[in-house]
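Trainee: please find the sequence and the predicted model below.
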Amino acid sequence: QVQLVESGGGSVQAGGSLRLSCAASGRTVGSTAMGWFRQAPGKEREFVAAISSSGGSTYYGDSVKGRFTISRDNAKNMVYLQMNSLKPEDTAVYYCNAGLTAATLSRGGYNYRGQGTQVTVSS
């Protein structure tokens with residue numbers, strides 16, 4: 001079992017930045033790939049970013065490439081999503097996810113999900 005708790009969401013103006021954090025707990029956290037998905041009202045869930053268990057491989061959704069950066073600190077069991085140059089279309093609930101591999105997460109597959117944190121970007 002892996003438990004995930006997100007934090008760091010909030011409201012920001014377009015062009016601003018936010019950093020999301022995900023605290024993970026469980027026996028296998030250190031060997032688990034982690035990722036972020038988001039879902040806006042009335043829209044399907046969208047893959048945002050994923051990182052391998054070692055942190056050596058990362059994947060990003062096309063809409064966030066060059067603006068968002070995923071990272072992890074295995075010593076602290078934390079995963080982060082640094083979001084820069086935010087746009088109104090980035091407004092969504094952001095979920096932290098754990099999965100088999102980063103590649104699997106990038107294709108939408110995950111085993112665990114947190115409760116989510118709201119990000120609102122105003123124009």
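Mentor: Sure, I can see it. Residues are numbered from 1 along each chain as shown.

Trainee: next, the closest residue to Arg38 other than its chain neighbours: phi, psi?
Mentor: By the measure of C-beta to C-beta, 6 or more residues apart in numbering, the closest residue to Arg38 outside its immediate chain neighbours is Ala92, 3.8 Å from it. For every residue, glycine as well, the C-beta is placed using N, CA and C. Taking degrees, to the nearest 10, you get phi -180, psi 170 for the backbone angles of Ala92.

Trainee: for Met15, give me the pLDDT.
Mentor: Met isn't right for residue 15; it's Gly. Note on Gly15: pLDDT of 98.

Trainee: tell me how far the residue lying closest to it once chain neighbours are set aside lies from Gly26.
Mentor: Closest residue to Gly15 in three dimensions, ignoring its sequence neighbours and counting by C-beta to C-beta, 6+ apart: Ser85, at 6.2 Å. Ser85 sits at a distance of 33 Å from Gly26 (criterion: C-beta to C-beta, to the nearest Å).

Trainee: which residues of this protein fall in helices?
Mentor: 102-106 (DSSP state H).
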